[in-house]
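>>> need a structure here:
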Amino acid sequence: MVETVFDSKGTLECYEYFNDKINELIDCYIPQKKRKIKQKCLWLNRSVKKVIRKRNKKWKSYNGTKKDIDYKKYKECRNLVVKELRKARNIFE
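Now for the predicted structure:
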């Protein structure tokens, strides 16, 4: 008869052996995924974030109605966001 690894051991020892082998195989054959950490934009201050939220609300309004006047309001707000972002970035640098 063929003896296996588990024949001469108790239940707890068999579980530990099995668990160790599974973890060893996982470490060997399953690649670890590296996480990328995003850096926050340090120049984003409250005023810029407020203008961005306003722009997003204007976009949602336009997306719901598809009216030209809503798009015009969105464009004005979008341009203001770009201007504020550039200004904040220049001040930060």
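>>> Spatially central residue in the chain, please.
With distances taken as Cα atoms, centre = their mean, Lys38 lies nearest the centre of the chain, 8.0 Å away.
>>> Give the helix, strand or coil label for that residue.
coil (DSSP: H, G, I helix; E, B strand; the rest coil).
>>> Now Glu13: which helix or strand?
Using DSSP states H and E, Glu13 maps to helix 11-29.
>>> Tell me the helices and strands packed up against that helix.
Using 3 or more Cβ pairs under 8 Å, 6 or more residues apart in numbering; DSSP states H and E as the contact criterion, helix 11-29 has no neighbours among helices and strands. For the C-beta atoms, the positions are set from N, CA and C on the backbone; glycine is no exception.
>>> follow-up on the earlier one: so how far is Lys72 from the residue nearest to the centre of the chain?
Counting by Cβ to Cβ, to the nearest Å, the gap from Lys38 to Lys72 is 33 Å.
>>> Which SSE is immediately downstream of the helix or strand encompassing Arg53?
Element membership for Arg53 (DSSP H and E) is helix 46-65. Where DSSP H and E defines the elements, the next helix or strand beyond helix 46-65 is helix 68-92.
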